[in-house]
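Attaching a predicted model along with its sequence, questions to come.
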Amino acid sequence: ETGINAEYGGLSPLLKMLSRLALGQRSFLTHFIGGQFVKSSEDHSIPVENPATEAVIARVPLGTQQDVENAVISAKKAFPQWSQTQPSQRAQFLSQFATKIRENHQFISQVESLDAGKPIFEAYEDIKEVANIFDYYSSLILEVEEKEQNKVITTGLESSGFTTTLRYEPVGLVAAITPWNYPLLMVAQKVAPALAAGCTIVLKPSELTPLTAHLLAALSQEISLPEGVFNVVIGDGKTGAALVNHPLIDKISFTGSIPTGSNILSVCAKQIKRSSMELGGKSPIIVFDDILQYDQPRTESFNKLIEWIMMGFVYNQGEVCSATSRLLVQKGIAEQVIDQLVKAVKNLKFAPDPSDEKYHPAIGPLVSKLQWERVNGFVQRALQNNAGTLLCGAKRPDGFSSGHFYEPTIFRDVKTESEIWKEEVFGPVLCIRTFETQEEALELANDSTYGLAAAVFTVDAQRAQTISRQLRSGIVWNCCSQPAPSRAPWGGFKKSGMGRELGEFGLKAFLEVKQVTAFDFKSEFSWYNVKTDQ
């Protein structure tokens, strides 16, 4: 324990848990309520496993109604004081979070890799961005305070003696429910702006990947964040439902599936609660034949194109809400692109231990047995229904008898009415169709109930701008796929969700705007012709 404490900066509240994880032993996690790690009100727990080995590495409690009640009451008690703190004070706490995350970057990344099956270099990138997000919102809240708080706006009533200013105030108690594919990164996208805004939070991380949320709770103790400002309740869907239904919660921030999002919206509608949600996608990637006409060697263009296509559906094992998993390639280069893509995908290696740096670049496992079965179910039904021609994958990789590994799978000439073309698989599965004209490509791209993201590859800048305007998605990438800068808004059209995270939109999602209109009492005012005898 002393060695870990010395090496990783001293996360004392979780030192025993971290030591056990480092020794490959099981650990039992608890909730974090009112600034303290506390046991659940009932003795029910579920295992957390390493997806690469299927070994149980921890057990987590199933949060009960009472646990949720305790966390919400804790957040309610903390809200009056926290919401009135100066933005400079809140910014300082966020900056301290960023510093602590950087100090412990390697270890937090290793825990993320162990818990979620992420290849370690992908985990490094995630945790680096987590620190950047906390830093960004520590700066942004100061900018909002300086430039927008109490800003005078023109109303047309100035000549009558009225002055109107705008104020931004915290929305209140926030329930943040996060998924398992980017465990700490998704937490940061919700927690950092909510804290910056002056909200108090009850977080329910995914029960599949809760370890780094616990590390963040430990860090909140290290920086002396006031008790009750940040709370963590672990549990399954029932725990999340109890949190969503709690009448004291003012805002729900959710990332997950459409069915769960729909259920949450029903509750929000009944209780008139604010909500924002990101619900996934089935994003297109459009490749025009002019992409290989750049003023550079053709091989270099081909390499970059194949890299970006792979990034769109293989990165993070395809467990990405914005995965560009529908490839539309113009017929003039289709056979060449498909041939080179399949060859490159077949050359990919798998990481039996994703936390080991020697396996790079490599693919890790899917997060759980259930997710493996879900992905494989999509693939097998596509085969049974002749949805398209299988080019590679559709099975567990050779030599991997354990772990939730799945070979990247490519279908071509996929029927547009098929399930695998329409539905989000959330695994390394790519569906390909060819097209002849720009109009045909746009029609195929927009023919989806989702609208999170889209990618366009063309050398024609005017075409790229035109298509970007015509694509019905919240994010469009030109000649790339999957960049997600924390200073730009993230969210989608249609059933991909509502509201935006990241950027200034991510902060204002946790703020209420208030107008304050003042009348100059020295100005003339008479409507009822009042004449008092005073």
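Perfect, I can see it now.

quick one: least confident helix or strand in this structure?
When each helix and strand of the chain is scored by mean pLDDT, DSSP states H and E, helix 2-8 comes last, with a mean of 33.

pLDDT at the closest residue to residue 236 other than its chain neighbours, what is it?
Closest residue in space to residue 236, ignoring its immediate chain neighbours: residue 207 at 5.3 Å, by C-beta to C-beta, 6 or more residues apart in numbering. Using the backbone N, CA and C atoms, a C-beta is placed for each residue, glycine as well. pLDDT recorded at residue 207 is 96.

Now do stretch 44-58: distance from first to last residue.
Stretch 44-58 has an end-to-end distance of 14 Å (C-alpha to C-alpha, to the nearest Å).

Going by neighbour count, list what's buried in it.
Neighbour-count burial for stretch 44-58, counted by 16 or more other C-beta atoms under 10 Å, picks out 45, 48, 49, 50, 51, 52, 53, 57, 58.

tally of neighbours for the residue nearest to residue 236?
Using other C-beta atoms under 10 Å, residue 207 has 21 neighbouring residues.

swap in residue 128?
Residues near residue 128, counting by other C-beta under 10 Å, number 14.

quick check, nearest of the buried residues of stretch 44-58 to residue 502?
Distance to residue 502, by C-beta to C-beta, is smallest for residue 51 among those, at 26.9 Å.

ok, now which ones touch that closest one?
If you count contacts by C-beta atoms under 8 Å, 6 or more residues apart in numbering, residue 51 has them with 116, 117, 364, 365, 366, 367, 368, 403, 404.

Could you list which of those belong to helices?
Counted as lying in helices by DSSP state H, out of those, are residue 116.

Can you lay out the contacts of residue 51 as TSV showing pLDDT, neighbour count and distance to residue 505?
Below are the contacts of residue 51 laid out as TSV (pLDDT from 0 to 100; neighbours: other C-beta atoms under 10 Å; distance: C-beta to C-beta, whole Å):
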residue	pLDDT	neighbour count	distance to residue 505
116	97	32	27
117	96	31	31
364	97	28	31
365	98	28	34
366	98	27	31
367	98	27	28
368	98	20	32
403	97	25	38
404	98	25	35
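
In a markdown table, list the contacts of residue 51 along with distance to residue 466.
A markdown table is the format used below for the contacts of residue 51 (distance: C-beta to C-beta, whole Å):
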| residue | distance to residue 466 |
| --- | --- |
| 116 | 39 |
| 117 | 40 |
| 364 | 38 |
| 365 | 41 |
| 366 | 38 |
| 367 | 39 |
| 368 | 42 |
| 403 | 45 |
| 404 | 42 |
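
Now do residue 488 against residue 500, distance only.
Distance from residue 488 to residue 500, counting by C-beta to C-beta, to the nearest Å: 9 Å.

could you pull out the helices for the stretch 151-300 of the chain?
183-197, 211-222, 237-245, 258-271, 298-313 (DSSP state H, counting those that start in this stretch).

Below-threshold pLDDT in the stretch 51-200 of the chain: ranges please.
Within the stretch 51-200 of the chain, no range satisfies pLDDT under 70.

which residues in it form strands?
Using DSSP state E, counting those that start in this stretch, the strands of the stretch 51-200 of the chain run over residues 56-61, 151-153, 162-170, 173-177, 200-204.

For residue 386, find the nearest of the ones you listed.
Residue 386 lies closest, by C-beta to C-beta, to one member of the strands of the stretch 51-200 of the chain: strand 173-177, at 38.3 Å.

Any buried residues in that closest one, and which?
Neighbour-count burial for strand 173-177 flags 173, 174, 175, 176, 177 (criterion: 16+ other C-beta under 10 Å).

ok, so of the residues you listed, who is nearest residue 97?
For the buried residues of strand 173-177, the nearest to residue 97 is residue 176 (15.0 Å; C-beta to C-beta).

What residue, apart from its backbone neighbours, is nearest that closest one spatially?
Once flanking residues are discounted, residue 176 sits nearest to residue 190: 4.2 Å by C-beta to C-beta, 6+ apart.

And for the closest residue to residue 35 other than its chain neighbours, the neighbour number?
Take residue 35 and drop its neighbours on the chain: the residue closest to it by C-beta to C-beta, 6+ apart is residue 227, 3.2 Å away. Counted with other C-beta under 10 Å, the neighbours of residue 227 add up to 16.

just residue 285 next, same as before
The number of residues packed near residue 285 is 26, by other C-beta under 10 Å.

Now do the contacts for the residue lying closest to it once chain neighbours are set aside.
Spatial nearest neighbour of residue 285, chain neighbours left out: residue 324 (3.7 Å); criterion: C-beta to C-beta, 6+ apart. Going by C-beta under 8 Å, 6+ apart, residue 324 touches 283, 284, 285, 309, 312, 313, 453, 454, 455, 477, 481, 482.

bridging residues for the second one?
Counting by DSSP bridges, residue 284 forms beta bridges with residue 326.

tell me the pLDDT at it?
As predicted, residue 284 sits at a pLDDT of 98.

what sits against the residue lying closest to residue 486 once chain neighbours are set aside?
Here the nearest residue to residue 486 in space, its sequence neighbours aside, is residue 133; by C-beta to C-beta, 6+ apart that works out to 4.9 Å. Residues in contact with residue 133 (C-beta under 8 Å, 6+ apart) are 185, 188, 189, 192, 486, 502.

Apply 7 Å and report the result again.
188, 189, 192, 486 (C-beta atoms under 7 Å, 6 or more residues apart in numbering).

any chance of these in CSV, with distance to residue 221 too?
Output for the contacts of residue 133, formatted as CSV (distance: C-beta to C-beta, whole Å):
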residue, distance to residue 221
188, 17
189, 22
192, 17
486, 25
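
and the nearest residue to residue 225 once chain neighbours are set aside, how many neighbours does it have?
Using C-beta to C-beta, 6+ apart and skipping the chain neighbours, the partner closest in space to residue 225 is residue 93 (5.8 Å). The local packing of residue 93 (other C-beta under 10 Å) involves 22 other residues.

Quick check: the residue nearest to residue 486 vs residue 372, distance?
If you measure residue 133 against residue 372 using C-beta to C-beta, the figure is 30 Å.

now do residue 247
For residue 247, the distance to residue 372 equals 39 Å [C-beta to C-beta].

More neighbours: which of these two?
Ranked by neighbour count (other C-beta under 10 Å), residue 247 and residue 372 place residue 372 first, with 19 against 8.

Quickly find the element holding that one.
For residue 372, the enclosing helix or strand under DSSP states H and E is helix 369-384.

What are the contacting residues of the helix or strand that that helix is followed by?
Toward the C-terminal end, the helix or strand that comes next after helix 369-384 (DSSP H and E) is strand 389-392. Contacts with strand 389-392, where a contact means C-beta under 7 Å, 6+ apart, come from 342, 345, 346, 383, 409, 410, 411, 412, 413.

I'd say the fifth one and residue 393 touch.
Yes. Counting by C-beta atoms under 7 Å, a contact exists between residue 409 and residue 393, whose distance comes to 3.0 Å.
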